[in-house]
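A.B. asks: Using only what follows, build the 3D model:
(one chain, ligands or ions: 1)
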Amino acid sequence: MSQIPETSDIVLIGAGIMSATLGTVLKELEPSLSVTMFETLHDCGQESSQAWNNAGTGHAANCELNYTPQRPDGSADISKALEVNTEFDISRQLWAHLVGKGAIPDPRAFLHPCPHMSFVWGDDNVAFLRQRHREMAAHHCYHGMEFSEDPAQIAAWAPLIIEGREPGQPIAATRIISGADVDYGALTHLLVKQLQAQSGVSVHYKHRVVALARDDGRWLVTVENVATHERTTTSTRFVFAGAGGGSLDILQKSGIPEGNGYAGFPVSGIWLRCDVDEISARHHAKVYGKAAHGSPPMSVPHLDTRIIGGKRSLLFGPYAGFSSKFLKHGSYADLLRSIEPGNLLPMLAVARDDWQLSEYLIGQVLQTSEHQFAALQGFFPKAQREDWQRAVAGQRVQIIKPDPQHTGVLEFGTELVASADKSFVALLGASPGASTAAFIAMEVLQKCFDDRLTPNGWLGRLKQMIPTYGIDLKKDADACRDSRAKTAKVLQLDFV
Ligand SMILES: Cc1cc2nc3c(=O)[nH]c(=O)nc-3n(C[C@H](O)[C@H](O)[C@H](O)COP(=O)(O)OP(=O)(O)OC[C@H]3O[C@@H](n4cnc5c(N)ncnc54)[C@H](O)[C@@H]3O)c2cc1C
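C.D. replies: Predicted coordinates:
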């Protein structure tokens, strides 16, 4: 293992998709930067970014109904969906750039075309999906989205969700064929590998960041070797806490006033997984349903094609649960340890106001495996119990944010909390997630490196990497279509 450098320009805490992406972007913009990455575990991409710990959806808000809430008049509000949809374009452009220059040799190593579908049953849900499709298909971002209420058509798209279904049941589906299944664990490995091949980059596994201190405009980052408990301190100009569920702890350790009052609420997940080739060969889609009342947005049930390590499997879930750990490899004391005088009131306010979530989680935890299997059969009526096994998903830590009006609010998105002097930023939250890693990297640039985003600075290189940087793809239909056509070609995705 390489020596920990005494100083570096950038320290990345955590070796998941977020640090790997930000490190990649920064080195593309300024190859002379020295970058040091610390990771507690033995390898990169082992927590939420690991393939089986997440659903691998290239979230473009094509099919996830939680991004298109129904308005009181029955129409769908697609504004959030459009945001997520075009954030995914930034990831596509970054990946296409890296494939184009050979830094990622083969897109098939992490990315596969996979239609994205929404599927609902019941008259009200069918009416909503019809209306949602009308509004989305009219927008250039959702060009090519199909809709059907015809069981024969839906069976042609995804036979398993129709076979064995009660005849006459009102059903509807939308489909968009340009979706993707992404192995974010494989992508993290590819990104870290090409980073390690560059000069000035060092990656230190089995090293946990245990302390942060200010030192004359720099940060002193202390890491502990998890095997020997030996501690080393390194100095840096800039710290990115991309530690997933560990980011709140890092934010608290930084002591920056901007982090006061933040807390976290962990949500765990269980999948049902099927590795039987004859079954997985008959399902080629990510089929998202409607979330149960009160459920957090990331608990929308879905039946997914997964392609991991060249093998095709099916995944259903997640069933949400409660565990006090902030990371899958974390400690049951994580939640308790995160409580400080400054975040107690926001936490209590959320416990008081968000009873729907508590009720939902309690319901999920109490679900028996029969209930869980029945939920799968709602999507796949002929599913056989012996073909499916339970698998533990990654942890997500939802943000509890200080809020002057309500004392504290629970947020399901992601948030970058930066120090006023732009030398530290922590990424909290988990949704939409890995799909928007490149967009998050752009946000870090804007928050912390805005002085370099000039024509004489990084802007030229940035536009080579992200050609639509600065263009609103929600509004510019030509740029949107052009970008998608080009990235689809390089990334071997379908294009409509
Ligand atoms: C059930 C589930 C389903 C999901 N589905 C999707 C999906 O379909 N599509 C999508 O885009 N996203 C999805 N996500 C979200 C996505 O997985 C995460 O947003 C993303 O992986 C987070 O990446 P990260 O790099 O921030 O964190 P992680 O991958 O968790 O990496 C953080 C790393 O930091 C390390 N670390 C923590 N503390 C320290 C410390 N003190 N010192 C050193 N290292 C430390 C950890 O060991 C870990 O390796 C899902 C998540 C879950 C849990």
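A.B. asks: avg pLDDT for stretch 194-203?
C.D. replies: When pLDDT is averaged along stretch 194-203, the result is 97.
A.B. asks: Mind listing what's buried along it?
C.D. replies: Buried residues in stretch 194-203, defined by neighbour count with 16 or more other CB atoms under 10 Å: 194-195, 200-203. Glycine gets a C-beta too; all of them are placed from N, C-alpha and C.
A.B. asks: Now do the contacts for the residue in the stretch 351-496 of the chain that the ligand sits nearest to.
C.D. replies: Closest residue of the stretch 351-496 of the chain to the ligand, CB to the nearest ligand atom: Gly433 (2.5 Å). If you count contacts by CB atoms under 8 Å, 6 or more residues apart in numbering, Gly433 has them with 48, 54, 59, 298, 414.
A.B. asks: picking up where we left off before, select, from the buried residues of stretch 194-203, the two members most distant in space.
C.D. replies: Gln194 and Ser202 (14.3 Å; CB to CB).
A.B. asks: just how off-centre is stretch 398-415 within its chain?
C.D. replies: Centroid separation between stretch 398-415 and its chain, computed with CA atoms, centre = their mean, to the nearest Å, is 19 Å.
A.B. asks: Any part of it near the ligand?
C.D. replies: No: on the criterion CB under 6 Å from any ligand atom, stretch 398-415 is out of touch with the ligand, staying 7.3 Å away.
A.B. asks: Okay, buried residues for that stretch please.
C.D. replies: Across stretch 398-415, burial judged by 16+ other CB under 10 Å covers 398-402, 407-414.
A.B. asks: is it possible to export those to JSON lines including secondary structure?
C.D. replies: What follows is the buried residues of stretch 398-415, written out as JSON lines (DSSP: H, G, I helix; E, B strand; the rest coil):
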{"residue": "Gln398", "secondary structure": "strand"}
{"residue": "Ile399", "secondary structure": "strand"}
{"residue": "Ile400", "secondary structure": "strand"}
{"residue": "Lys401", "secondary structure": "strand"}
{"residue": "Pro402", "secondary structure": "strand"}
{"residue": "Thr407", "secondary structure": "strand"}
{"residue": "Gly408", "secondary structure": "strand"}
{"residue": "Val409", "secondary structure": "strand"}
{"residue": "Leu410", "secondary structure": "strand"}
{"residue": "Glu411", "secondary structure": "strand"}
{"residue": "Phe412", "secondary structure": "coil"}
{"residue": "Gly413", "secondary structure": "coil"}
{"residue": "Thr414", "secondary structure": "strand"}
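A.B. asks: For those, name the two members farthest from one another.
C.D. replies: With CB to CB as the measure, no two of the buried residues of stretch 398-415 lie farther apart than Thr407 and Thr414, at 21.7 Å.
A.B. asks: is it fair to say Leu129 lies in a strand?
C.D. replies: No: secondary structure assignment (three-state DSSP) places Leu129 in helix, not in a strand.
A.B. asks: so who does it touch?
C.D. replies: With contact taken as CB under 8 Å, 6+ apart, Leu129 is in contact with 65, 118, 120, 147, 172-174.
A.B. asks: Look up how far the ligand lies from it.
C.D. replies: According to CB to the nearest ligand atom, to the nearest Å, Leu129 and the ligand sit 21 Å apart.
A.B. asks: Tell me the confidence at Pro301?
C.D. replies: The predicted local confidence for Pro301 is 86.
A.B. asks: Nearest residue to Gln372 in space, ignoring adjacent ones along the chain?
C.D. replies: Distances taken as CB to CB, 6 or more residues apart in numbering put Tyr319 closest to Gln372, at 5.5 Å, once the chain neighbours are dropped.
A.B. asks: pLDDT below threshold where in the stretch 301-450 of the chain?
C.D. replies: The stretch 301-450 of the chain contains residues with pLDDT under 70 at 355-368, 406.
A.B. asks: let's go with 90 and repeat that
C.D. replies: Filtered on pLDDT under 90, the stretch 301-450 of the chain yields the residue ranges 301, 317-323, 341-375, 396, 398, 400-413, 429-432.
A.B. asks: which bits of it sit near the ligand?
C.D. replies: 318, 327, 393-394, 396, 427, 430, 432-435.
A.B. asks: okay, these in TSV with secondary structure next?
C.D. replies: As requested, these are arranged in TSV below (three-state DSSP):
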residue	secondary structure
Pro318	strand
Leu327	coil
Ala393	coil
Gly394	coil
Arg396	strand
Leu427	strand
Ala430	coil
Pro432	coil
Gly433	coil
Ala434	helix
Ser435	helix
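A.B. asks: Which two of those have the greatest separation?
C.D. replies: Most distant of these, by CB to CB, are Pro318 and Leu427, 21.2 Å apart.
A.B. asks: who's in contact with Gln372?
C.D. replies: 270, 272, 317, 319.
A.B. asks: so can I have TSV of the residues you listed showing neighbour count?
C.D. replies: Converted to TSV, those look like this (neighbours: other CB atoms under 10 Å):
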residue	neighbour count
Ile270	18
Leu272	24
Gly317	23
Tyr319	22
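A.B. asks: and which of the residues you listed is nearest the ligand?
C.D. replies: Looking across those and measuring by CB to the nearest ligand atom, the closest to the ligand is Gly317, at 7.7 Å.
A.B. asks: Show me which positions of the helix or strand the closest one falls within end up buried.
C.D. replies: In this assignment (DSSP states H and E), Gly317 forms part of strand 311-321. Buried positions in strand 311-321, judged by neighbour count with 16+ other CB under 10 Å: 312-321.
A.B. asks: Equivalent analysis for stretch 3-13, please.
C.D. replies: Applying a neighbour-count criterion of 16+ other CB under 10 Å, one finds 4-5, 8, 10-13 buried in stretch 3-13.
A.B. asks: go on, stretch 36-55?
C.D. replies: Buried, per 16+ other CB under 10 Å, within stretch 36-55: 36-41, 44-55.
A.B. asks: end to end, how far does that stretch reach?
C.D. replies: Terminal residues of stretch 36-55 lie 29 Å apart, using CA to CA, to the nearest Å.
A.B. asks: gap between it and the chain center?
C.D. replies: That offset, for stretch 36-55, works out to 13 Å (CA atoms, centre = their mean).
A.B. asks: And stretch 388-403, by the same measure?
C.D. replies: Per CA atoms, centre = their mean, the centroid offset for stretch 388-403 relative to its chain is 11 Å.
A.B. asks: ends of that stretch, how far apart?
C.D. replies: By CA to CA, the extent of stretch 388-403 from end to end equals 43 Å.
A.B. asks: Going forward, the N-terminal residue is numbered 55.
C.D. replies: Yep, numbering from 55; the last one is stretch 442-457 now.
A.B. asks: Which positions within the longest helix seen in the chain qualify as buried?
C.D. replies: Using DSSP state H to define each element, the chain has its longest helix at helix 133-154. Across helix 133-154, burial judged by 16+ other CB under 10 Å covers 134-153.
A.B. asks: buried residues in stretch 294-309?
C.D. replies: Buried, per 16+ other CB under 10 Å, within stretch 294-309: 294-308.
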